[in-house]
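J.: Sequence first, then the predicted structure, then my questions.
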Amino acid sequence: MSRGTSAHAGPDGDAADRLRPTVLEVVEAAGFVLDDLEVRPAGRRRVVRVVVDTAEVPGPHDPPAPGPDLDAVAGVSRELSTTFDALDEARGTGTPEGEYTLEVTTPGTDRPLTRPHHWRRAWLRRVALTRTDGSTLTARVGPVGAAGEGGDGGGDGATVTLAEGTPRGPVLHHVPLAEVAQAVVEVEFKPAPPAEVEALVDAADAATGAVTGEQGTNGQEERS
């Protein structure tokens, strides 16, 4: 969908910052998380690209999280368009400047995991990660623990538990998110190995106090 306003567009970064409060209010009211907001040039107009993700995260006994409901995402797009139009007619702030196209979408499978919320949403997914020291690890995502766990910043203080499949059974790694340089979910075409799932569920239960003692009997543990 396309809309226009009479003002001249400023720098794209400033434009995104100016739009953020309006976009954030609409996205959160719909029960989503604002994953990204980008304003970029496209010929004579600009593209306002809003990326939303589901706010809910799986519990320790839940399967991997499904993707966002596309009908609900379309509803966010309609509500944003209506809000921008209303603010523009009232000459309010928080609307795109100039001719623009609004795109509301969801994160793709290649979205890098950069925030604690990304990792929580990736519960039981297989990821390939590179640490800041250059070492690599391919493993399955388990619970995320953090000091200040309610936040969703850059991951300072947050640690993710991952299960690496080995011939001897799953090995658990506890990786501080601050030490992750890059991480991406890998596409899988078959269910996760039950031993890896069980090891991660045990780790999640132990972290929440549901289970005491050792984190499980079918996995070795390694501090990373």
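T.: That came through, no problem.
J.: Show the contacting residues for residue 106.
T.: Residue 106 is in contact with 51-53, 67-68, 70, 73, counting by CB atoms under 8 Å, 6 or more residues apart in numbering. For the C-beta atoms, the positions are set from N, CA and C on the backbone; glycine is no exception.
J.: Which members of those are the farthest-apart pair?
T.: 51 and 70 (13.7 Å; CB to CB).
J.: Pick out whichever of these two has more residues nearby.
T.: residue 51 (20 against 10; other CB atoms under 10 Å).
J.: Next one: residue 86 from residue 80, what distance?
T.: Residue 86 is 11 Å from residue 80, where distance means CB to CB, to the nearest Å.
J.: Would you mind telling me which of those two has more residues around it?
T.: Between residue 86 and residue 80, counted using other CB under 10 Å, the more crowded position is residue 80 (23 against 11).
J.: burial of the closest residue to the more buried one other than its chain neighbours, as a residue count?
T.: Excluding the flanking residues, the one nearest residue 80 by CB to CB, 6 or more residues apart in numbering is residue 26, at 5.2 Å. Number of residues near residue 26 (other CB under 10 Å) recorded here: 21.
J.: can you dump the C-alpha coordinates of stretch 34-42 into CSV?
T.: Extracted C-alpha coordinates of stretch 34-42, given in CSV (Å, rounded to 0.1, in the frame of the first residue of the first chain):
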residue,chain,number,x,y,z
LEU,A,34,8.9,-4.8,16.9
ASP,A,35,11.9,-6.7,15.5
ASP,A,36,13.1,-4.0,13.1
LEU,A,37,12.1,-0.7,11.6
GLU,A,38,13.8,0.5,8.5
VAL,A,39,13.2,3.5,6.1
ARG,A,40,15.1,3.3,2.8
PRO,A,41,14.9,5.1,-0.5
ALA,A,42,13.1,3.5,-3.5
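J.: pull the longest helix from this structure.
T.: The residue-count maximum for a helix in the chain (DSSP state H) belongs to helix 70-89.
J.: For the spatially most central residue of the chain, give me its contacts.
T.: Geometric centre of the chain, nearest residue: residue 118, 3.1 Å, by CA atoms, centre = their mean. Residue 118 sits next to 111-112 when contact means CB under 8 Å, 6+ apart.
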